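In: Predicted coordinates and the sequence they were generated for:
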Amino acid sequence: MIDVHGFDEPKLDAYLRHHLEPYDGPFAISVLSGGQSNPTYLLSGRERKFVLRKKPSGILLPSAHAVDREYRIIGALRDTDVPVAKAWLYCDDADVIGTPFYVMDFLEGRQFMDPALPGLEPQQRHEIWDEFNRVVAALHRLDYGKLGLADYGKPGNYLERQIARWSRQYRASETEHIPTMERLIEWLPRNIPPGDDTSIVHGDLRIDNLMFDRHSHRIVALLDWELSTLGHPLADLAYHLMSWRLTAEQFRGMAGRDLSLLGIPDEAQYLRRYCERTGLGGIDPAQWEFYMAFSMFRLAAILQGIVKRALDGNAASDEALLTGRRARTIADVAWAQVERLEG
């Protein structure tokens with residue numbers, strides 16, 4: 001019996017009754033908003049709530065929507081300084097609800113969609129961004145080997161592999177010709193900076209992937225680990241700091257805003273605090289601009305994938321097509337940055 005969510009709810013409940021400890025069903029199931037990638041549902045029991053994240057249905061891009069990796073990483077990080085929700089089970093049996101899924105705790109808290117944090121006081125904004133900075137630095141300081149994650153990715157040559165990966169992903173989801181993406185695909189592999197640091201990287205460090213405590217500015221969970229791997233921490237950091245380079249119209253950014261008036265540290269201040277927390281002596285400006293251009297290229301490739309899924313009818317959000325159409329805009333901004341870098 002297929003219900004409104006596209007899967008058999010009684011069959012899911014029967015599976016959870018035998019595998020979820022503590023079971024608190026039967027569950028009322030509703031769609032949770034947020035995220036363009038993996039469909040996410042709220043399971044409301046008699047006294048407890050859980051979150052279910054599943055792989056989308058249909059034909060998908062290679063290596064995308066890795067809910068098994070999400071489950072593994074949040075389990076490994078459970079007792080570290082990086083806050084995550086508790087993961088309870090992973091199911092790779094597609095016969096249950098059509099695709100693999102995992103279940104984790106539902107956490108009560110606040111989420112912010114706009115990095116400029118409208119409606120808050122300057123001091124509150126400062127504390128929220130400083131807390132985010134603390135968590136990012138804590139993540140990049142973790143010893144992935146001691147956490148059992150030595151095989152979670154391939155240490156070394158991260159940028160080379162990532163550029164190749166996202167070029168392939170872009171080609172697999174290409175729906176129109178974007179000249180600046182073609183230029184980035186050619187330029188990036190030829191200009192990879194030296195240095196091969198490796199850490200756990202989240203891959204999607206945005207303000208809307210955080211859950212904050214309702215009564216303080218403490219982060220209770222860093223969410224959406226689908227793109228996590230072992231990689232270069234500065235690439236992860238640059239993707240995070242795109243909020244400072246892009247406008248709200250381009251993609252959830254705050255470029256052009258008076259950050260001092262808002263109480264938000266500027267890019268240089270934020271980087272300096274990160275370096276203090278991680279013990280990094282400093283960041284070469286030219287290398288930083290490369291990481292920024294790469295991050296924008298990667299975002300454009302991700303957005304192009306969203307467009308493709310929307311056109312194929314597999315997107316997780318009704319706004320997916322509109323969001324994905326920004327791929328061209330982001331690629332244009334990235335290439336303009338390269339042109340400034342090369343003078």
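Out: Thanks, I have it. In this text, all values refer to a predicted model and were calculated from it rather than measured experimentally. Numbering: from 1, shown residues only.
In: quick one: low-confidence ranges for the stretch 201-343 of the chain?
Out: For the stretch 201-343 of the chain, the stretches with pLDDT under 70 are 314-318, 320-321, 324.
In: actually the stretch 1-150 of the chain, not the one I typed
Out: Those would be 1-5, 33-37, 58-65, if you go by pLDDT under 70 across the stretch 1-150 of the chain.
In: now the strands for the stretch 201-343 of the chain?
Out: Ranges of strands in the stretch 201-343 of the chain, per DSSP state E, counting those that start in this stretch, are 210-212, 219-222, 229-231.
In: In its sheet, which strands sit next to the second one, and in what direction?
Out: Right, strand 219-222. Strand pairing for strand 219-222, using DSSP bridges, gives strand 210-212 (antiparallel).
In: mind listing the helices for the stretch 201-343 of the chain?
Out: For the stretch 201-343 of the chain, the helices defined by DSSP state H, counting those that start in this stretch occupy 233-240, 242-245, 248-251, 259-262, 267-278, 285-312, 320-324, 327-342.
In: For the closest residue to residue 50 other than its chain neighbours, what are phi and psi?
Out: Setting aside the residues directly before and after it, residue 50 is nearest to residue 43 in space (C-beta to C-beta, 6 or more residues apart in numbering), at 4.3 Å. All C-beta atoms are positioned from the backbone trio N, CA, C, and that covers glycine. In terms of degrees, to the nearest 10, the main-chain angles of residue 43 are phi -100, psi 110.
In: Quickly list what residue 43 is bridged to.
Out: Assigned bridge partners for residue 43, using DSSP bridges, are residue 29, residue 50.
In: And the spatially closest residue to residue 250 that is not a sequence neighbour, how close does it get to residue 195?
Out: Of all residues not flanking residue 250 in the chain, residue 329 sits nearest, at 5.5 Å (C-beta to C-beta, 6+ apart). Going from residue 329 to residue 195 by C-beta to C-beta, to the nearest Å gives 30 Å.
In: Which one's more surrounded, the two?
Out: residue 329 (19 against 10; other C-beta atoms under 10 Å).
In: Quick check: that one touching residue 251?
Out: Yes: with contact defined as C-beta atoms under 8 Å, residue 329 counts as touching residue 251 (7.4 Å).
In: how about the residue most central in space within the chain, what does it touch?
Out: Residue closest to the average C-alpha location in the chain (C-alpha atoms, centre = their mean): residue 204, at 2.4 Å. Residues in contact with residue 204 (C-beta atoms under 8 Å, 6 or more residues apart in numbering) are 224, 226, 227, 239.
In: one more time with 7 Å, if that's ok
Out: Contacts for residue 204 (C-beta atoms under 7 Å, 6 or more residues apart in numbering) come out as 224, 227.
In: what does the one 10 residues further on give?
Out: If you count contacts by C-beta under 7 Å, 6+ apart, residue 214 has them with 108, 109, 110.
In: domains in the protein, as residue ranges please.
Out: The record's domain parsing of the chain by automatic domain parsing lists 9-105, 122-342.
In: and the last one, how far apart are its ends?
Out: What it means is domain 122-342. 37 Å (C-alpha to C-alpha, to the nearest Å).
In: about what we covered before: figure out which of the domains of the chain is closest to residue 115.
Out: domain 122-342 (4.3 Å; C-beta to C-beta).
In: List the contacts of residue 166.
Out: Neighbours of residue 166 in contact, by C-beta under 7 Å, 6+ apart: 297, 298, 301.
In: Can you tell me which of the helices of the stretch 201-343 of the chain is packed in deepest?
Out: helix 233-240 (a mean of 24; mean count of other C-beta atoms under 10 Å).
In: angle of that helix against helix 285-312?
Out: 60 degrees (axes from the mean of the first three to the mean of the last three C-alpha atoms, to 10 degrees).
In: pull the CA atoms of helix 233-240 into PDB?
Out: The C-alpha trace of helix 233-240 is given here as PDB (Å, rounded to 0.1, in the frame of the first residue of the first chain):
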ATOM      1  CA  PRO A 233      40.100  21.900   5.500                       C
ATOM      2  CA  LEU A 234      40.600  25.200   3.700                       C
ATOM      3  CA  ALA A 235      38.400  24.000   0.800                       C
ATOM      4  CA  ASP A 236      35.700  23.200   3.400                       C
ATOM      5  CA  LEU A 237      36.300  26.600   5.100                       C
ATOM      6  CA  ALA A 238      36.100  28.500   1.700                       C
ATOM      7  CA  TYR A 239      32.800  26.800   0.900                       C
ATOM      8  CA  HIS A 240      31.600  28.000   4.300                       C
END
